[in-house]
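Visitor: Give me the fold of what follows.
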Amino acid sequence: MSFYVNFFIRSPKDEFLSLGSFSRNTAEYGCANELALPYEKIKLLTTSSIKSMRQTAMDIVGDIRESIKKCNEEISLVKGMEGTVNERLENIREINNEIADLVEDDKRYSQAYGYFNSLIAIDCEYENSVIYAGIECGEPTVDDIVE
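Guide: So this is what the prediction gives:
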């Protein structure tokens, strides 16, 4: 079963409008996981908590880029190794596959960073925080708000 983290903006009429829904295998879900969001309920997100998710995404992007750099250094080492050309090419292919996966992760977490930036922009647009989030809470009401 796949869980979803849901983000909402609260309207002046106490309606909750969806700002996004992300499954467990997304970068957004991973970054939101640190907030201990309620299940089938929602809680108000502070600007600080949104910035924390954004920072988590940026930290992961930094780690990914460092890993890509190390993979490229490893390719340089493999080129100078002893062994058959086929063995070296196979090692390089494996490293290139790893780089391709890392590039995809970089894109996912960079997009999550942008998403959290947009939540911060929305949050800053209003005098009081109005962004809420929860796990598996598709159509919340004010009765679903927890502290």
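Visitor: Show me where the chain has its helices.
Guide: Secondary structure of the chain (DSSP state H): helices at 27-32, 47-79, 85-125.
Visitor: As a markdown table, those with mean pLDDT, mean neighbour count and distance to Ile9 would be great.
Guide: Glycine gets a C-beta too; all of them are placed from N, C-alpha and C. As requested, the helices of the chain are exported to a markdown table (pLDDT from 0 to 100; neighbours: other Cβ atoms under 10 Å; distance: least, Cβ to Cβ, whole Å):
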| stretch | mean pLDDT | mean neighbour count | distance to Ile9 |
| --- | --- | --- | --- |
| helix 27-32 | 96 | 23 | 16 |
| helix 47-79 | 96 | 16 | 12 |
| helix 85-125 | 94 | 15 | 6 |
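Visitor: Any chance of a markdown table for those helices, columns distance to Glu139?
Guide: What follows is the helices of the chain, written out as a markdown table (distance: least, Cβ to Cβ, whole Å):
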| stretch | distance to Glu139 |
| --- | --- |
| helix 27-32 | 19 |
| helix 47-79 | 22 |
| helix 85-125 | 20 |
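Visitor: So for Glu147, which of these sits nearest?
Guide: The closest of these to Glu147 is helix 47-79. By Cβ to Cβ, the value is 13.1 Å.
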